[in-house]
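Trainee: What follows is a predicted protein model with its sequence.
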Amino acid sequence: MSDKNKSEINFLVELDENRIPEKLFWTAKDGGIELEESKAIMLSVWDSKAKESMRIDLWTKDMPVDEMKIFFHQTLVAMSDTFHRATGDEKMSATMKDFCEYFAEKLELTK
């Protein structure tokens, strides 16, 4: 594959002496992002040989809990959208959206 058909996304994690993330940065040069700071990262990778997902979940020690709840909610909503685009399964996508509404309601994220 030639270089023009490649794209990189990189994560830089600054750790404290106990190896707990203090700062997270990500770069996606094709998207115009260079060392953008973040408080949390959730990454899933599919291993087709083992038929399982591998995950990296990181957050900085100063990530506020209220923001983590919003982050989870928005991630769940995005997953339901992605599920619909990937599978075309409208019924399950709607069920997932219903759960997202329930999740937001129980965490009092909606006003």
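Mentor: It's in.

Trainee: use CA for all of it now, contacts and neighbours both
Mentor: Noted.

Trainee: Check this structure for its longest helix and report it.
Mentor: The helix that spans the most residues within the chain, counting by DSSP state H, is helix 65-87.

Trainee: And the average pLDDT for that helix is what?
Mentor: For helix 65-87, mean pLDDT is 97.

Trainee: buried stuff in the very next helix or strand once past that helix?
Mentor: Once helix 65-87 ends, the next helix or strand along the chain (criterion: DSSP states H and E) is helix 90-106. Buried residues in helix 90-106, counting neighbours by 16 or more other Cα atoms under 10 Å, are found at 93, 96-97, 99-101, 103-104.

Trainee: Output helix 90-106 as PDB, nothing but the C-alphas.
Mentor: Coordinates of each C-alpha in helix 90-106 appear next as PDB, following Å, rounded to 0.1, in the frame of the first residue of the first chain:
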ATOM      1  CA  GLU A  90     -33.400  -0.200  12.800                       C
ATOM      2  CA  LYS A  91     -35.300  -2.100  15.500                       C
ATOM      3  CA  MET A  92     -32.200  -2.700  17.600                       C
ATOM      4  CA  SER A  93     -30.900   0.800  16.900                       C
ATOM      5  CA  ALA A  94     -34.200   2.200  18.300                       C
ATOM      6  CA  THR A  95     -33.900  -0.100  21.300                       C
ATOM      7  CA  MET A  96     -30.400   1.200  21.900                       C
ATOM      8  CA  LYS A  97     -31.600   4.800  21.600                       C
ATOM      9  CA  ASP A  98     -34.300   4.100  24.100                       C
ATOM     10  CA  PHE A  99     -31.700   2.900  26.500                       C
ATOM     11  CA  CYS A 100     -29.700   6.000  25.900                       C
ATOM     12  CA  GLU A 101     -32.700   8.100  26.900                       C
ATOM     13  CA  TYR A 102     -33.200   6.000  30.000                       C
ATOM     14  CA  PHE A 103     -29.500   6.300  30.900                       C
ATOM     15  CA  ALA A 104     -29.600  10.100  30.500                       C
ATOM     16  CA  GLU A 105     -32.800  10.300  32.600                       C
ATOM     17  CA  LYS A 106     -31.500   8.200  35.400                       C
END
